[in-house]
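J.: Give me the fold of what follows.
(chains A, B, C and D)
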There are 2 protein chains.
Amino acid sequence: MHPALKEYLSGKLDLSLQDEQLVSRCFKSKFAARNEIMVAKGAVARHLYFVVKGCLRVFLTGEDGSESTRFLVVEGRFGTAFPSFILRQPSAAAIQSLESSELLTLSYEDRQTLYEQVPGWETMDRIGLELDYIASIQRIESFITMDAKMRYEILQQTNPDLIRRLPAKIIADYLGISQETLSRLKAKR
Amino acid sequence: MHPALKEYLSGKLDLSLQDEQLVSRCFKSKFAARNEIMVAKGAVARHLYFVVKGCLRVFLTGEDGSESTRFLVVEGRFGTAFPSFILRQPSAAAIQSLESSELLTLSYEDRQTLYEQVPGWETMDRIGLELDYIASIQRIESFITMDAKMRYEILQQTNPDLIRRLPAKIIADYLGISQETLSRLKAKR
DNA sequence: TTGATTTGTTGACTTTTATCAATTTTTTTA
DNA sequence: TAAAAAAATTGATAAAAGTCAACAAATCAA
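T.: This is a model prediction of the structure:
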């Protein structure tokens, strides 16, 4: 098993040797170039992606070519175009590798296999889902209760690495504000 | 078992007679008066609520007394102050019954019991969680990509009942806009 | 049913943020 | 490393939404 995945699982789940081998077989290694589109808008997202190294962006495109970042997925985290993956429908969002990335992919079918075959896998996954859901609830709250400056400050506190690492325009998209507004926000203090 | 819960479960899960009795014992009936606060801000949300009749609101309060509606939970749906319930921490949000409501409550511990004792319960719950998560992702997208008018139009299309049923100020909170802006939006067409 | 309270509407004005455009800075790649 | 491309900054202006205030309408509770 890939050490990064092993690290992810440690403390969450104890696997028998056999189960560990099954998990290993289900996750396929994949490398993506910087800016590579993994899943295009309109395609079905058939995999979950575990980021070993690099960074993925799940983003929407408007008719006018504008882009809005729905999610950013960094090292040690899972991500995909979730509605498409779960509902098995064409995705409103595209998935892009923002950096040269190393990924482990898990297909919908293999995920099902793990639920059925590996004791504790579904519980672990359910707990991970709960935490992702909580994060998205908190993001919704930030839009309902905060202005752009406050959202940026919170992001600075909770994810300073993201800000350091990614182009400001991506951060601006993620915060739901324009590039120019973010630039002014940063200048102001 | 309460017929509303039975209806919810039908098609999702086949229960043995024994399991059905266990489920029945885990869910406690509760009635709430209009405007009753079920969980105050700062308290831990110890239950999931299934709404048989009525409507719950999960909302945040600012220091200035302003309120922001995080979620609305109507008949046939589950809800709670989710981060508090899962993390077992004091809740940032309060839960209020907007109408005279009939509820079924499931404690954290009883939820655990159902996961452990009832085959298929965790899978059913995981799938429900996935759908709730998808809904919250779509709500995030609406904040990132749409203006107030568009968000309101989408809500009209997807939940016309909510608009008909609830005071406009609650809908405005839920959309993340001021009461006045919503009033003007409605007048404009 | 009526007085009191809450909710909704509208106007005037302010603040926040977006948009467009020009320029500088940084990054990429040939 | 140099030219090209992409990203960031800054200014001017416009649009969107918020705030405050007054009043109207609807709802509630005695």
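J.: Chain A against chain B: which residues are in contact?
T.: Applying CB under 8 Å from any CB of the partner chain, one finds that chain A approaches chain B through A:60, A:62, A:68-70, A:82-83, A:86-87, A:92, A:115, A:122-123, A:125-126, A:129-134, A:136-141, A:143-145, A:173, A:176. Glycine gets a C-beta too; all of them are placed from N, C-alpha and C.
J.: Next SSE downstream of the helix ranked longest in chain A?
T.: Secondary structure of chain A per DSSP state H: the longest helix is helix A:121-145. Note on helix A:121-145: by DSSP states H and E, the next helix or strand toward the C-terminus is helix A:148-158.
J.: Is that following helix in proximity to DNA strand C?
T.: Yes: contact of helix A:148-158 with DNA strand C (CB under 7 Å from any atom of the strand) involves A:148-149.
J.: right, is that helix up against DNA strand D?
T.: No: figure legend: helix A:148-158 not in contact with DNA strand D (CB under 7 Å from any atom of the strand); closest approach 11.5 Å.
J.: Give me the mean pLDDT for that helix.
T.: In this model, helix A:148-158 has a mean pLDDT of 95.
J.: How far off centre is that helix?
T.: 19 Å (CA atoms, centre = their mean, to the nearest Å).
J.: What is it packed up against?
T.: Applying 3 or more CB pairs under 8 Å, 6 or more residues apart in numbering or on different chains; DSSP states H and E, one finds that helix A:148-158 makes contact with helix A:121-145, helix A:160-165, helix A:168-175, helix A:179-187.
J.: That helix vs helix A:179-187, what angle?
T.: Relative orientation of helix A:148-158 versus helix A:179-187 (axes from the mean of the first three to the mean of the last three CA atoms, to 10 degrees): 70 degrees.
J.: Contacts made by helix A:148-158 with the rest, please.
T.: A:142-143, A:146, A:162-163, A:171, A:174-177, A:181-182, A:185-186, A:188 (CB atoms under 8 Å, 6 or more residues apart in numbering or on different chains).
J.: Show me the shaky parts of chain A.
T.: Where chain A drops to pLDDT under 70, the residues are A:189.
J.: Contact residues of it facing DNA strand D?
T.: Counting by CB under 7 Å from any atom of the strand, chain A sits next to DNA strand D at A:167-169, A:179-180, A:182-184, A:186-187.
J.: Mind putting those into JSON lines with neighbour count and distance to A:Gln96?
T.: Formatted as JSON lines, the residues of chain A next to DNA strand D follow (neighbours: other CB atoms under 10 Å in any protein chain shown; distance: CB to CB, whole Å):
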{"residue": "A:Pro167", "neighbour count": "10", "distance to A:Gln96": "12"}
{"residue": "A:Ala168", "neighbour count": "13", "distance to A:Gln96": "17"}
{"residue": "A:Lys169", "neighbour count": "15", "distance to A:Gln96": "13"}
{"residue": "A:Gln179", "neighbour count": "14", "distance to A:Gln96": "18"}
{"residue": "A:Glu180", "neighbour count": "10", "distance to A:Gln96": "23"}
{"residue": "A:Leu182", "neighbour count": "21", "distance to A:Gln96": "20"}
{"residue": "A:Ser183", "neighbour count": "13", "distance to A:Gln96": "23"}
{"residue": "A:Arg184", "neighbour count": "13", "distance to A:Gln96": "27"}
{"residue": "A:Lys186", "neighbour count": "13", "distance to A:Gln96": "24"}
{"residue": "A:Ala187", "neighbour count": "7", "distance to A:Gln96": "28"}
